[in-house]
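Asker: Please find the sequence and the predicted model below.
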Amino acid sequence: MIGELLAALTGSAWARTALRYGVTAIAILLFLLSLRRSGERAGRLAERLESREKASEVQRRMLEAAAHRPRDRDDLVDRLRDGRF
């Protein structure tokens, strides 16, 4: 049934031209949809990377602060007296 319809449509030059343009339009549409989807995916990945970078920066600052903390109460008292805290 479909084969007969295709054979009948491709018999004329006008039908072949219309079919060619139709297939080209569908291919372009599919390409644009694929491009949009990959752009959305790239955007999500960029957001994820940015949030990971922020979290890493916060963690690095916390570790740096922990490395420079007073070792005991006496060290804390000395820092407070010297105004270095």
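Answerer: Received, thanks.
Asker: use CA for all of it now, contacts and neighbours both
Answerer: OK.
Asker: so how far is the longest helix along the chain off the chain centroid?
Answerer: The longest helix of the chain (DSSP state H) is helix 13-67. Counting by Cα atoms, centre = their mean, to the nearest Å, helix 13-67 is centred 5 Å from the centre of its parent chain.
Asker: following it, which helix or strand comes up?
Answerer: Toward the C-terminal end, the helix or strand that comes next after helix 13-67 (DSSP states H and E) is helix 73-82.
Asker: Mind pulling up the pLDDT for His68?
Answerer: Predicted confidence (pLDDT) for His68: 84.
Asker: Kindly provide the distance from it to Val23.
Answerer: His68 sits 68 Å away from Val23, going by Cα to Cα, to the nearest Å.
Asker: Over to Arg84?
Answerer: 75 Å.
Asker: Neighbour count for the two, which is higher?
Answerer: In this view Arg84 and Val23 are compared by other Cα atoms under 10 Å, and Val23 has more residues nearby, 12 against 8.
Asker: Compute the distance between the more buried one and Leu49, please.
Answerer: Following Cα to Cα, the distance that separates Val23 from Leu49 is 39 Å.
Asker: and what of Gly11?
Answerer: From Gly11 to Leu49 the distance is 55 Å (Cα to Cα).
Asker: likewise Glu57?
Answerer: Following Cα to Cα, the distance that separates Glu57 from Leu49 is 12 Å.
Asker: for Gly22, same thing?
Answerer: Distance of Gly22 to Leu49, given as Cα to Cα: 41 Å.
Asker: again with Ala15
Answerer: 51 Å.
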